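A.B. asks: Okay, sequence plus prediction incoming.
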Amino acid sequence: MSLTVAWVDWLDPRAVEQRAAMDVETTAMYADRQAELSEEGRAAVSAALTIAPTDITHTALVLEGDVVIGHAALRPFGPSLEVKKVFVGYEHRGKGAARFLMNELEGVARAAKAHSLVLQTGHVQVPAMALYESLGYQRIDAFGYYAAIPFGVCYEKTL
């Protein structure tokens, strides 16, 4: 079955559901690292990862038939766009959905004449980092609030 994209509002219930599933997975992934942080450190990480719905310009759902299998979004970051909340449900991985989403986001960014796409991920998300690097993203120093995340890894792709 082929993949399609649906552009929706950030608060679309299907998008909210995808982000909730992502939060469950990543909270478990990073529980030990979070536990190592001070209260101030945990608060800084939380602040860095908080997203105001009004900041999001595009929210994409990837569908296989009529089943939502993934999510990604964009928000402005200076002359660039920042990729947010790329997620594909565990049972749907290996179908190319994350690559499909990233290519869709790149198309939006090019149409918007963004300088680049930037993103932040975590150090244990090795498959995500491999995907980003295969798409031409280069590691960069932590940007913005992400400097507060000791286990974060940032990337940029110049368009």
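C.D. replies: Sure, I can see it. Numbers count the residues shown, from 1 in each chain.

A.B. asks: Quick check: neighbours of the one helix or strand A73 maps to in the sheet, parallel or antiparallel?
C.D. replies: Per DSSP states H and E: A73 is located in strand 67-77. Strand 67-77 has the following sheet partners, assigned by DSSP bridges: strand 58-64 (antiparallel), strand 80-88 (antiparallel).

A.B. asks: in that strand, what's buried?
C.D. replies: V68, I69, G70, H71, A72, A73, L74, R75, F77 (16 or more other Cβ atoms under 10 Å). In short, each C-beta sits where N, CA and C put it, glycine included.

A.B. asks: same deal with stretch 145-157?
C.D. replies: Y146, A148, I149, F151, G152, V153, C154, Y155, E156, K157.

A.B. asks: hang on, isn't G96 packed against E64?
C.D. replies: No - taking Cβ atoms under 8 Å as the definition, G96 is not a contact partner of E64, at 10.3 Å.

A.B. asks: of all the buried residues of stretch 145-157, which two lie farthest apart?
C.D. replies: Pairwise distances across the buried residues of stretch 145-157 (Cβ to Cβ) peak at 23.2 Å, for the pair A148 and K157.

A.B. asks: could the buried residues of stretch 145-157 go into a markdown table alongside pLDDT, secondary structure and distance to A60?
C.D. replies: Rendered in a markdown table, the data for the buried residues of stretch 145-157 read as follows (pLDDT from 0 to 100; DSSP: H, G, I helix; E, B strand; the rest coil; distance: Cβ to Cβ, whole Å):
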| residue | pLDDT | secondary structure | distance to A60 |
| --- | --- | --- | --- |
| Y146 | 96 | helix | 22 |
| A148 | 92 | helix | 27 |
| I149 | 94 | coil | 24 |
| F151 | 93 | coil | 26 |
| G152 | 95 | strand | 23 |
| V153 | 98 | strand | 22 |
| C154 | 98 | strand | 21 |
| Y155 | 98 | strand | 18 |
| E156 | 98 | strand | 20 |
| K157 | 98 | strand | 17 |
